[in-house]
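**Student:** Sharing a sequence plus its predicted fold:
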Amino acid sequence: MPFSLPPSRLPTKVALLARLTAVCSLLLGSMYVMAGPAQAASEIAPIPAGGFKLSLDSDSTSAVNQGETANPQLGKVGLTTLAGSGTSGQDGLCYPAPFNPGVDADGYCWKDDADDSGTNGWSPQGLSVPHNDVADGSWEGHLWDVVSWHNEANTLAKLRFVSHAEATPRYTDVLLTTLSADGKLTPLASHADSVVWYKDNLLVGNGRYLHVFRLTDLMRATNRPSGFDYVLPRSYLYRTPSDSSSSCQAVTGDAPCLTSLSFDRSTGALLSSEYVQKAAGGRLVEWPLDLTAGLPRTGNGNSVTASAAWTSPVWGMQGAVYAQGSFFLSGLCPSSFDTGYRESACVHKAGRGEAPHVLTAVPDMTQNLDWDGSSGRVRGINEVAQSTQVLPQRLVFNFSPTARSIETVRLRNVNSDKCLLPYGSSLNDGANVVQWDCNGTSAQNWYWDGSRIRNFQSNRCLSVYGRSTSDGAQITQWRCNGDATQNWSRASGTAGGSVLVNGGSNLCLTIYGRSTSNGANSVQWTCQPDHTDHNWTGSGT
């Protein structure tokens, strides 16, 4: 359906394109619908939980105390002494990311090329803010995050404590170890799938095992084992299989895998999830927590029985948290989301017994999620390691649990009947904007922000390359910066649509050479309102 606006009514702040069309967008903020492979099952369905048990395997608290005394190279330190010290990160979303603009995402990065790209062989997995029995976000008066990492060979694992005592996040890495009574310190070989920070305890999930570390056991090691200044020895070990020789079994069996962990404040329990590569069926399991001790609530036989469980329809589930009456699940996106990189990820939202819908796309290979009640935000971290790609890279991020509604349109060329999108669904600055068959993908959705036209997936603005005022200059996407070449107005066309006029050049958006081919570049040209290739319609289909 064409849109039009009389030239006499051209506003300085262009009215929303969607308001001038008679169609609705397919992507209305929090109204995403599931599509493609993510529809393998319809709802988060309850399953029996009585057969799932988490058993205490070993208690090393006495050995740790004896080992610290026996090893003169070890000495206990308080975490508060590290607040505001260590390596400096960078505040803000440092790299392009495909968040729904309506969730108002924010975050930080490591500001270290090796950490941000994965070239050092380390990968982040778990994320948690401090939790206690009444509040979230702070520990002993300071704001913190903790992130669990593993090295490429899974021979070393660490916790990165991130302090927000200053505007710029600062962080310190701590090696996870075991410590015997005679003082022998051994690095813990673990994938460090997940972490929950509850009171003084750090609970680290790793497949069949739950490792527990106490902040009161944080030690400085003068001999710097494996290059670390600080170590944290394990105090307790729990397991889901009935004996220590067995493995966990995702989807089936009575030994769930602890791929992700989070704290569910509504029930005072740990919530675990299972990862099934490119498939659905991973389970969500709720484990009662002793809120006084900060440990699994074991009873007779030193085991805790799960209090509830569900099966999830989200494909490739990597993280799960329950807050404000909904599950938030990170996993694969429906096929309509394509960021052009390794593994697009989305956060799906649903109540118990409900079918999930996509709340927002998130950075590639997003892992664990957490809930920060102090800010009312979902928090997450992504793992993607693409040293061959300039962007995107790793972020620690947070976003609103509910998206503002943003009405979008697809800009369809009257001559070619094809839709505009950044080439390859790119998120990056400078990506050429081209035409392609209108196919319902997220990258083909745009929205008006005042007089700017922003891509819904990249949240970047339709721009003229190099601020050119010449015919034939390429149209690209670029971070929105207030430049005049990112401003557009709309005037009536006479060939079935409207023309879009650039505020910097006074030239019109068109397709180079009147091409009708997929991948043809969009350019600016002297306005010809009677030419079909200069005419555009706004469409939700």
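**Tutor:** All right, it came through fine.
**Student:** Could you report the distance from the nearest residue to residue 171 once chain neighbours are set aside to residue 197?
**Tutor:** Residue nearest to residue 171 in three dimensions, not counting chain neighbours: residue 162, with 4.4 Å by CB to CB, 6 or more residues apart in numbering. For every residue, glycine as well, the C-beta is placed using N, CA and C. Separation of residue 162 from residue 197 (CB to CB, to the nearest Å) stands at 11 Å.
**Student:** partners of the residue nearest to residue 171 in the sheet?
**Tutor:** residue 145, residue 171 (DSSP bridges).
**Student:** you'd agree it is up against residue 396?
**Tutor:** Yes - using CB atoms under 8 Å, residue 162 makes contact with residue 396 at a distance of 7.5 Å.
**Student:** Compare those two and say which one has the larger neighbour count.
**Tutor:** Neighbours were tallied for residue 162 and for residue 396 using other CB atoms under 10 Å; the higher tally belongs to residue 396 (24 against 21).
**Student:** Does that one touch residue 160 like I think?
**Tutor:** No - using CB under 8 Å, residue 396 is not in contact with residue 160; the gap is 9.7 Å.
**Student:** Give the residues shared as contacts by those two.
**Tutor:** Here residue 396 and residue 160 have residue 147 as joint contacts, going by CB atoms under 8 Å, 6 or more residues apart in numbering.
**Student:** ok so, going back, could you check the pLDDT of the residue nearest to residue 171?
**Tutor:** Model confidence at residue 162, given as pLDDT, is 97.
**Student:** ok, now residue 333?
**Tutor:** What the model reports for residue 333 is a pLDDT of 93.
**Student:** likewise residue 344?
**Tutor:** On pLDDT, residue 344 comes in at 88.
**Student:** Which residue, other than its chain neighbours, is closest to it?
**Tutor:** The shortest distance from residue 344 to any non-neighbouring residue, by CB to CB, 6+ apart, is to residue 333 (4.5 Å).
**Student:** Distance-wise, check the one you found relative to residue 320.
**Tutor:** According to CB to CB, residue 333 stands 16 Å off from residue 320.
**Student:** Compare those two (neighbour count), which wins?
**Tutor:** Using other CB under 10 Å as the criterion, residue 333 and residue 320 rank with residue 320 on top: 31 against 28.
**Student:** related to what we said a few turns ago, return every residue with contacts to both of residue 162 and residue 396.
**Tutor:** Contacts common to residue 162 and residue 396, judged by CB under 8 Å, 6+ apart, are 145, 147.
**Student:** can you tell me which residues contact the residue nearest to residue 171?
**Tutor:** Residues in contact with residue 162 (CB under 8 Å, 6+ apart) are 89, 144, 145, 146, 147, 169, 170, 171, 396.
**Student:** ditto for residue 516
**Tutor:** When contacts are counted by CB under 8 Å, 6+ apart, residue 516 touches 415, 416, 417, 418.
**Student:** Closest one of these to residue 339?
**Tutor:** residue 418 (20.5 Å; CB to CB).
**Student:** ok, the closest one - contacts?
**Tutor:** 412, 435, 436, 437, 438, 516, 518.
**Student:** how about 10 Å then?
**Tutor:** Residues near residue 418 by CB atoms under 10 Å, 6 or more residues apart in numbering: 410-412, 434-439, 444, 511, 515-520.
**Student:** Need the residues touching each of residue 162 and residue 197.
**Tutor:** Common neighbours of residue 162 and residue 197 (CB under 10 Å, 6+ apart) are 127, 129, 144, 145, 146.
**Student:** ok, which pair from those residues is furthest apart?
**Tutor:** Most distant of the shared contacts of residue 162 and residue 197, by CB to CB, are 127 and 144, 11.4 Å apart.
**Student:** Residues that sit against both of these two, list them.
**Tutor:** By CB under 10 Å, 6+ apart, residue 127 and residue 144 have these common neighbours: 162, 197.
**Student:** out of those two, which sits in the busier spot?
**Tutor:** Between residue 127 and residue 144, counting by other CB under 10 Å, residue 127 is the more crowded of the two (30 against 23).
**Student:** Which strand or helix spans that one?
**Tutor:** Applying DSSP states H and E as the criterion places residue 127 in strand 122-128.
**Student:** moving C-terminal of that strand, what's the next helix or strand?
**Tutor:** strand 130-131.
**Student:** Mind listing residues that contact that next one?
**Tutor:** Residues outside strand 130-131 that contact it (CB under 10 Å, 6+ apart): 79, 136-140, 142-146, 196-202, 215, 262-265, 289, 291, 294, 370-374.
**Student:** I would like a ChimeraX command selecting only the buried ones among these, please.
**Tutor:** To isolate the buried members of the contacts of strand 130-131 in ChimeraX, using 16 or more other CB atoms under 10 Å:
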select :79,136,137,139,142,143,144,145,146,196,197,198,199,200,201,202,215,262,263,264,265,289,291,294,370,371,372,373
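**Student:** ok, residue 430 touching residue 475?
**Tutor:** No - counting by CB atoms under 10 Å, residue 475 is not a contact partner of residue 430; they are 11.3 Å apart.
**Student:** Give me the pLDDT for residue 14.
**Tutor:** 27.
**Student:** Please apply the same query to residue 8.
**Tutor:** In this model, residue 8 is scored at 26, pLDDT.
**Student:** Equivalent analysis for residue 24, please.
**Tutor:** Turning to residue 24, the model gives it a pLDDT of 28.
**Student:** Equivalent analysis for the one 4 residues further on, please.
**Tutor:** At residue 28, the pLDDT value in this model is 28.
**Student:** And for residue 113?
**Tutor:** 80.
**Student:** How many neighbouring residues does it have?
**Tutor:** Other residues within reach of residue 113, judged by other CB under 10 Å, total 12.
**Student:** what helix or strand is the spatially closest residue to it that is not a sequence neighbour on?
**Tutor:** What sits nearest to residue 113 in space, not counting adjacent residues and going by CB to CB, 6+ apart, is residue 119, at 7.0 Å. Residue 119 is part of no helix or strand, with elements assigned from DSSP H and E.
**Student:** Can you tell me the SS state at residue 115?
**Tutor:** helix (DSSP: H, G, I helix; E, B strand; the rest coil).
**Student:** Count the residues that sit near it.
**Tutor:** A count of nearby residues for residue 115, using other CB under 10 Å, gives 23.
**Student:** So it is in contact with residue 394, correct?
**Tutor:** Yes - counting by CB under 10 Å, a contact exists between residue 115 and residue 394, whose distance comes to 6.9 Å.
**Student:** hang on, isn't residue 189 packed against residue 207?
**Tutor:** No - counting by CB under 10 Å, residue 189 stays clear of residue 207, with 11.9 Å between them.
**Student:** Comparing the two, which residue is more hemmed in?
**Tutor:** Shown here are residue 189 and residue 207; by other CB under 10 Å, residue 207 has more neighbours (20 against 15).
**Student:** where does that one land on pLDDT?
**Tutor:** pLDDT for residue 207: 95.
**Student:** so it touches residue 261, yeah?
**Tutor:** No - checked against CB under 10 Å, the pair residue 207 and residue 261 is beyond contact range at 11.9 Å.
**Student:** what is in contact with those two at once?
**Tutor:** residue 193.
**Student:** Pull out the buried residues from the helix or strand encompassing residue 285.
**Tutor:** Assigned by DSSP H and E, residue 285 falls within strand 283-290. For strand 283-290, the neighbour count (16+ other CB under 10 Å) marks 283, 284, 285, 286, 287, 288, 289 as buried.
**Student:** Starting from it, tell me which strands it pairs with and how they run.
**Tutor:** According to DSSP bridges, strand 283-290 forms sheet pairs with strand 269-273 (antiparallel), strand 295-296 (antiparallel), strand 308-311 (antiparallel).
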